[in-house]
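Participant: Sharing a sequence plus its predicted fold:
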Amino acid sequence: MSAGIDLENVCCDFGSFRAVDNANVSIEPGEFFSFLGPSGCGKTTILRMISGFIEPTHGQIRIGGMDMRGQRPNQRPTALIFQNLALFPLMSIWENISFGLEVRGVDKKTRRAKAQALLDMVDLPDAADKMVSQLSGGQKQRVAIARALAVEPKVMLLDEPLSALDLKLRQHMRAELRTIQKRTGVTFIYITHDQGEALAMSDRVGVMSQGRIQQVANPRDIYNNPVNGFVAAFVGENNIFTGSVANPSGGMAGFDTAFGRLNARLGEQAKGDNIKLYVRPEHTILTETAGSENTIPVTVSEVSFEGAFIAVHAKTENGQTLVAEVRNDGSATVPSIGAKRFASFNAAHASILPDASKGA
Amino acid sequence: MGDMFRRYGKSATFIICLITAFWLLMLVILPNVTLLESSFRPLLPVTEIGGPNDQYTFANYLKVFNGSIDTTLMGIPVHIPVHVLTFTLTLFYSVVVTLLCFVLAYPLSYFMAKIISPKSLPTMFLLLFVPLWVSEVLRAFAWWIILALKGPLSSLLVWLHLIDQPIRWISGYNGVLIGLVYTYVLFMIFPVYNAMSSLDSNQIEAAEDLGSPWWRTHLRIVLPHCKPGIASGAVMVFMLSAGSLLVPTILGSTTSQWFTQTIQQWMFDALDWNTAAAYAFLLLLMCTLFVSLVMRLFRVKLADIAK
């Protein structure tokens, strides 16, 4: 059982501040969809509008095709997992999980059985009679998921539920969440500011900034084909060049910079001012001899060992720092500081993009 | 203690402790001990005090069982000692006052803790506190005027055509109830408000999100969380009400008698301080017993209240 969600021209104003500006997105039934953005970008507001705690100022929210206007949170087929989980500390674990059934008038025996089945599913079979304070962070997390699943929601809304966990547990819970989502087939809407989390778990990601949805795409496209500079910068590192577009043709274009003409793909929205060229550090290569295109002479200024890769920082003649990442697989030679090198990149891996989409 | 020495030095610490000890001993412990001791001694002419008749006895305490009367309690005819009746009614109406205070305080606390914006909270507190700037005697008299047969309340209701005839508000225990609720409701509001504001609002939202109607959210989430606050408010309101003398004296009717008034009559009408002391300790003891019983019934621990 799952339902799709449609946001149509949804706006939300707090006084004169527009928290969400004209959001349009269709989320498929059974999809794992993430809203990704920095704090204050409006992602939590969107979640609270879907769950019913905030009414949109304009626009329509449909869940499973039904207009949700005027429906209270307790009438919507959604279940929200709060950032602080909001488990009920005065109830035992099984009472927590079955609370949603209790308010629906389900008898105690059925509730207890259902709670136990859900506890088995989230891999906490012995926790039924414990109190919330006796569980660890990750266990509380699972109880919160079980409690939300108990009401058999068509849509699960998750508000940064992993942010309080440590790194190892967070990575473990990512996989777990994904498994639970696949097993139950419920539509998951996940809010996060952690791009790694969003990219790793989601079917699709909506990147948000300043109340606007900047791009909706699958994680691969978000990372490889960002529509603007904000998305490119938020989901990863970039070497950025300023300049102006020259003779665009067939999706590619030249870009006149202080280092001469560089070639790259031309983004669809790359019009007007504030256009820059973005290339990822892992696509930036340092060589001892100059290549044929997109080559910039540099001097290595810093080498930082990051574990899986080595980040080589190099300065251009005019002082701009470029970063090239070299995989730590033993094959690459790491240049020493002060070495003269040529930084280059493939035009197919570089994009010419505008800054970010502003209010219409 | 060691911390105090380090902070204030030896002499200052010594003086502070001395003052506290003096206050406790001379103003709290000694008077009570004297009263307790005298409650076990008979009332004698001055010449016989310390004489052969001055023996310790429970006679003063047993005086509550003297002088039975016939009356009806909740429709049941009973033959009961008059002071025991007064005592029972005092406890009963103190419980009623406590319940009324809770009924008033709970929605108001919820409103202040969870609904109004924190910006208007100081105004709310000010409005609640302003009446406290007037002395308790004046406030009780103000209610006496408001509730008088031809007073403002009756006049207003007649003028609004809600009633035909002025109502005698101060009859039976009505006046006492109104006065006590008004005087002590703040002692309920503040602990309940404190407990309420420590509740994470997400829990209320989580309950609603799981499909809970508002009343069930209160019953299962808000009320259990506030239990210690409610308990501490209830104990205060109950004890203060049962021990109040001023309000029952001013707002009492011809048919209302509060146990504290009986104590006062022993003291100042009968001039029998020994029996008065015995009655006062009876009140203290019985109220304490009653409170501990109710606390056990509702599974409240003393540590919860002290918080």
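Facilitator: Perfect, I can see it now.
Participant: got the residues of the stretch 1-150 of chain A near chain B?
Facilitator: Taking CB under 8 Å from any CB of the partner chain, the part of the stretch 1-150 of chain A that reaches chain B is made up of A:51-53, A:72-74, A:78-80, A:82, A:84, A:86-88, A:90-91, A:99-100, A:102-104, A:147-148. Yep, even glycine has a C-beta here, placed from its N, CA and C like the rest.
Participant: Filter those residues down to the buried ones.
Facilitator: Neighbour-count burial (16 or more other CB atoms under 10 Å in any protein chain shown) is assigned, among the residues of the stretch 1-150 of chain A next to chain B, to A:51-52, A:73-74, A:78-80, A:82, A:84, A:86-88, A:91, A:99-100, A:102-103, A:147-148.
Participant: So, low pLDDT: which residues of the chain?
Facilitator: Let's take chain A. Within chain A, the ranges that satisfy pLDDT under 70 run A:1, A:357-360.
Participant: actually it's chain B I care about, not the one you picked
Facilitator: Under the criterion of pLDDT under 70, the regions of chain B flagged as low confidence span B:1, B:306-307.
Participant: longest helix in it, by residue count?
Facilitator: Of all the elements of type helix in chain B, the one with the most residues (DSSP state H) is helix B:82-110.
Participant: what's the single longest helix in chain A?
Facilitator: With secondary structure taken from DSSP H, chain A has its longest helix at helix A:167-184.
Participant: quick one: strands adjacent to the helix or strand just after that one?
Facilitator: Stepping forward along the backbone from helix A:167-184, the first helix or strand reached (DSSP states H and E) is strand A:187-192. For strand A:187-192, the paired strands and their directions (DSSP bridges) are strand A:32-36 (parallel), strand A:155-159 (parallel).
Participant: Nearest to A:D221, out of those strands?
Facilitator: Using CB to CB as the criterion, the shortest distance between A:D221 and the strands paired with strand A:187-192 is 13.2 Å, found for strand A:32-36.
Participant: Quick check: next helix or strand after the closest one?
Facilitator: Taking DSSP H and E as the definition, the helix or strand right after strand A:32-36 is helix A:43-51.
Participant: Output the set of residues of the stretch 151-300 of chain A in proximity to chain B.
Facilitator: Residues of the stretch 151-300 of chain A found near chain B, taking CB under 8 Å from any CB as the criterion, are A:V151.
Participant: ok, the residue in the stretch 151-300 of chain A positioned nearest to chain B to B:L210 distance?
Facilitator: In the stretch 151-300 of chain A, the residue that lies nearest chain B is A:V151 (5.8 Å; CB to the nearest CB). When CB to CB, to the nearest Å is applied, the distance between A:V151 and B:L210 equals 6 Å.
Participant: okay, and the common contacts of those two?
Facilitator: Each of A:A79, A:G100 lies in contact with both A:V151 and B:L210 under the rule CB atoms under 8 Å, 6 or more residues apart in numbering or on different chains.
Participant: in chain B, which spans are strands?
Facilitator: Assigned by DSSP state E, chain B shows strands spanning B:68-73, B:76-81.
Participant: what about the helices in the stretch 101-250 of chain A?
Facilitator: A:108-121, A:137-150, A:167-184, A:195-201, A:219-224, A:229-234 (DSSP state H, counting those that start in this stretch).
Participant: Ok, which of those comes nearest B:L62?
Facilitator: Comparing the helices of the stretch 101-250 of chain A under CB to CB, the one sitting nearest is helix A:108-121, at 51.8 Å.
Participant: circling back to that earlier point, out of the helices of the stretch 101-250 of chain A, which is closest to B:L199?
Facilitator: With CB to CB, the closest approach to B:L199 among those belongs to helix A:137-150: 17.8 Å.
Participant: Contacts for that closest one, please.
Facilitator: Under the criterion CB under 8 Å, 6+ apart, residues A:79-82, A:85-87, A:93, A:96-101, A:114-115, A:118-119, A:121-124, A:127, A:132, A:135, A:156, A:161-162, A:164-166, A:169, A:172-173, A:176-177, A:180, A:184, A:186, B:210 lie in contact with helix A:137-150.
Participant: Counting neighbours, which of these end up buried?
Facilitator: Applying a neighbour-count criterion of 16+ other CB under 10 Å, the buried members of the contacts of helix A:137-150 are A:79-82, A:85-87, A:93, A:96-101, A:114-115, A:118-119, A:121-122, A:124, A:127, A:132, A:135, A:156, A:161-162, A:165, A:169, A:173, A:176-177, A:180, A:184, A:186, B:210.
Participant: Neighbours of A:E160, how many?
Facilitator: Per other CB atoms under 10 Å in any protein chain shown, the neighbour tally for A:E160 reads 20.
Participant: roughly how far is stretch A:246-253 from the heart of the chain?
Facilitator: What separates the centre of stretch A:246-253 from the centre of its chain is 31 Å, taken as CA atoms, centre = their mean, to the nearest Å.
Participant: Alpha carbons of it, in CSV - could you do that?
Facilitator: Coordinates of the C-alpha atoms in stretch A:246-253 are reproduced here as CSV (Å, rounded to 0.1, in the frame of the first residue of the first chain):
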residue,chain,number,x,y,z
ALA,A,246,31.7,31.5,-26.8
ASN,A,247,30.3,29.8,-29.9
PRO,A,248,27.9,27.3,-28.4
SER,A,249,26.9,24.4,-30.7
GLY,A,250,25.2,21.0,-30.1
GLY,A,251,25.2,21.1,-26.3
MET,A,252,28.8,22.0,-26.1
ALA,A,253,30.4,25.5,-25.9
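Participant: before we move on, back to that, now the residue of the stretch 151-300 of chain A closest to chain B, what are its backbone angles?
Facilitator: phi -90, psi 10 (degrees, to the nearest 10).
Participant: List the contacts of the closest residue to it other than its chain neighbours.
Facilitator: Beyond its immediate neighbours in the sequence, the residue positioned closest to A:V151 (CB to CB, 6 or more residues apart in numbering or on different chains) is A:G100, lying 3.7 Å away. Remark: with contacts taken as CB under 8 Å, 6+ apart, A:G100 is in contact with A:A79, A:R147, A:A150, A:V151, B:L210, B:G211, B:S212.
Participant: Which secondary structure state is assigned to A:G100?
Facilitator: Three-state assignment for A:G100 (DSSP: H, G, I helix; E, B strand; the rest coil): helix.
Participant: do A:I61 as well
Facilitator: Going by three-state DSSP, the state assigned to A:I61 is strand.
Participant: Tell me the bridge partners for it.
Facilitator: Taking DSSP bridges as the rule, A:I61 bridges to A:L7.
Participant: show me the contacts for it.
Facilitator: A:I61 makes contacts with A:I5, A:D6, A:L7, A:E8, A:V10, A:M49, A:I50, A:D67, A:M68, A:R69, as judged by CB under 8 Å, 6+ apart.
Participant: can you tell me how far it sits from chain B?
Facilitator: 15 Å (CB to the nearest CB, to the nearest Å).
Participant: Quick check: nearest residue in space to B:M124, chain neighbours excluded?
Facilitator: Among residues not flanking B:M124 along the chain, B:M112 sits closest, at 5.5 Å (CB to CB, 6+ apart).
Participant: burial count for that neighbour?
Facilitator: Neighbour count of B:M112, defined by other CB under 10 Å: 20.
Participant: and B:S39, how far is that from B:G2?
Facilitator: Using CB to CB, we find B:S39 at a distance of 41 Å from B:G2.
Participant: Look at these two and report which has more neighbours.
Facilitator: Neighbours per residue, other CB under 10 Å: of B:S39 and B:G2, the larger number sits with B:S39, 21 against 6.
Participant: Which residues of chain B lie near chain A?
Facilitator: Along chain B, the residues adjacent to chain A under the rule CB under 8 Å from any CB are B:200, B:202-203, B:205-213, B:216, B:220-221, B:224-225.
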